[in-house]
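> The sequence and its predicted three-dimensional model are supplied below.
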Amino acid sequence: MSVANDSAPGAMGNRAVAPAWSDSVIDLDAVRAATVNRDPYPHVIGSGVLRGATIPSLRSDFPDIDKPGFLTVDEVALRGRFRQMVEEIESPEFSEVMSRLFGVDLHPYPRLTTIRKLSQLKDGRPHQDGTAKVMTALFYLNDDWSDDGAGRLRVLHGPKGFEPYTLEVPPTMGWMFAFLRSDRSWHGHPPYAGVRKVVQTAWVKDEGERQRKMKRNATAQFFKGIFGR
């Protein structure tokens, strides 16, 4: 497995810089200690992956987003600790940790990072992710959450509803969920409308796929702006 020499372009493009891990937002030791499961597909769940001292700044630096759906990092203003978090997620050091957890070399794959603040009731339906994705990691940034299950991501066994499920991930500050995409990688969350802050990064098969996804996302956001959905 290659070590920390990632030449593949990330979603930050030329803006990405090597993070100073001595003052990092992401706690790589907490990521390394995350629980790895293989049933019904390879996935990892971790807690406390955001350093506690950075959380107040992450709250204040989270982008001011007023539309639903995922936006690419090029569509929002990144600043402060939140910008640093994105840079760390897109770093070769993070790819190396995830490569070792999953036993798959992720370094050759470009990354597409997107941000969501607002969810709609139609979001979160059971899905696998598209075949262009190799792996996806989700980081949650909400201070608290209700206990009725709405908005909590579930590892599912198929496309027909939200049960049965293997585990449920609370979308609260510092929780991380990652999985390898496959024909079995069903996941989703019961309907929820409102603020649900999450950063998603996906390792995609090649730069062409990343560009196509960015273009499709921009088109979808354009029509949401016109039609309000």
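Perfect, thanks for sending it.

> pretty sure T201 is in a strand, no?
Yes - with DSSP: H, G, I helix; E, B strand; the rest coil as the criterion, T201 is part of a strand.

> now it: how far from P56?
Applying C-beta to C-beta, to the nearest Å, the value for T201 to P56 is 23 Å. Backbone N, C-alpha and C define where each C-beta goes, glycine included.

> Please identify which of these two sits among more neighbours.
T201 (24 against 10; other C-beta atoms under 10 Å).

> Okay, and the beta partners of the more buried one?
Judged by DSSP bridges, the bridge partners of T201 are T113, A137.

> likewise V195?
L118.

> So what's the residue count around it?
13.

> Now that it has come up, it's in contact with L118, right?
Yes - contact criterion C-beta atoms under 8 Å: V195 and L118 qualify, at 6.3 Å.

> In contact with the residue most central in space within the chain, which residues?
The chain has Q200 as the residue nearest its centroid, 1.9 Å off, counting by C-alpha atoms, centre = their mean. The contact partners of Q200, taken as C-beta atoms under 8 Å, 6 or more residues apart in numbering, are 70, 113-116, 136-139.

> Quickly note the distance from it to W186.
Q200 is 17 Å from W186, by C-beta to C-beta.

> how about the helices in this structure?
Assigned helices in the chain, in chain order: 28-32, 55-61, 80-89, 92-102, 207-227 (criterion: DSSP state H).

> returning to that earlier point: what's the separation between the residue nearest to the centre of the chain and R32?
Going from Q200 to R32 by C-beta to C-beta gives 21 Å.

> next one: S146
Counting by C-beta to C-beta, the gap from S146 to R32 is 31 Å.

> now Q120
As judged by C-beta to C-beta, Q120 and R32 stand 35 Å apart.

> just the helices of the chain: most buried one?
Highest mean neighbour count of those: helix 80-89, a mean of 22 (counted as mean count of other C-beta atoms under 10 Å).

> Please state the offset of that one from the chain centre?
In terms of C-alpha atoms, centre = their mean, to the nearest Å, the centre of helix 80-89 is found 13 Å from the chain centre.

> before we move on, what about stretch 100-116?
In terms of C-alpha atoms, centre = their mean, the centre of stretch 100-116 is found 10 Å from the chain centre.

> Lowest mean pLDDT among the helices and strands, pick that one out for the protein.
Least confident element among the helices and strands of the chain, by mean pLDDT, DSSP states H and E: helix 207-227 (a mean of 63).

> how about low-confidence regions in this protein?
1-20, 213, 217-229 (pLDDT under 70).

> if we go to 50?
1-16, 18, 222-223, 225-229 (pLDDT under 50).

> which residues does I115 contact?
63, 65, 70-73, 76, 198-200.

> try 7 Å
By C-beta atoms under 7 Å, 6 or more residues apart in numbering, I115 lies in contact with 63, 65, 70-71, 73, 76, 199.

> Throw together a ChimeraX command that grabs the buried residues out of these.
Buried residues within these, by 16 or more other C-beta atoms under 10 Å, are selected in ChimeraX with:
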select :63,65,70,71,73,76,199
